[in-house]
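J.: The sequence isn't on hand, but the structure is:
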Ligand code: HEM
């Protein structure tokens, strides 16, 4: 059996690499459609700019699962989302991941349950790191 890292990397190549802007745009649409309170958080956001920032920040999330050492940029993003700034509740990171999976399902023609697991595993360290800022 292939490693989950390999399954993830192959899925990433199929789903995101051909047109990453289109992927992240759908992802943002799925995220704001998932919960009216999340839509409210992004009500005044320039979504095109948000997509560009998400493209960059996903690299930091993926790097984190390989190195387990946050880049300075990831630290900044986590602090910004954390308590006292944007104060994003921890439960929204689970919605974020479900929306990411939904988008992968839409964009990866080979999507299956193993691919879903690979995404959940590879995103988990970065999301745990982001969530750790919810309370400090
Ligand atoms: C791993 C997960 C996430 C990543 C990588 C991420 C990444 C980013 C980045 C790079 C920015 C822009 C920062 C800047 O302006 O310098 C941002 C802004 C923001 N994020 Fe996230 N985010 C994540 C999760 C979430 C979640 C779960 C929510 C809430 C549902 C959220 C809500 C917001 C909001 C409200 C902003 C500010 C938008 C604005 O400037 O109008 N983020 N995020």
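T.: In hand now; what should we look at? Given the structure is predicted, the values throughout are model-derived calculations rather than measurements.

J.: For the protein, which residues are neighbours of the ligand?
T.: 38, 41-42, 44-45, 53-54, 57, 61, 77, 80-81, 86, 88, 92-93, 96, 126-127, 130 (CB under 6 Å from any ligand atom). In short, each C-beta sits where N, CA and C put it, glycine included.

J.: Need the buried ones from those selected in PyMOL.
T.: Here is the PyMOL command that selects the buried residues among these (16 or more other CB atoms under 10 Å):
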select buried, resi 38+54+57+61+77+81+88+92+93+96+126+127+130
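
J.: which ones among the residues of the chain next to the ligand are found in helices?
T.: 38, 41, 53-54, 57, 61, 77, 80-81, 92-93, 96, 126-127, 130 (DSSP state H).

J.: between these, which is nearest residue 17?
T.: residue 54 (15.1 Å; CB to CB).

J.: so what's that closest one up against?
T.: Residues counted as contacts of residue 54 (CB atoms under 8 Å, 6 or more residues apart in numbering) are 24, 27, 28.

J.: Surely residue 7 and residue 114 touch.
T.: Yes. Counting by CB atoms under 8 Å, residue 114 is a contact partner of residue 7 at 5.8 Å.

J.: Tell me which of the two has more neighbours.
T.: Set residue 7 next to residue 114 and count neighbours by other CB atoms under 10 Å: residue 7 wins out with 21 against 13.

J.: what pLDDT does the more buried one get?
T.: Listed pLDDT for residue 7 reads 98.

J.: Likewise for residue 1?
T.: Confidence score, pLDDT, at residue 1: 84.
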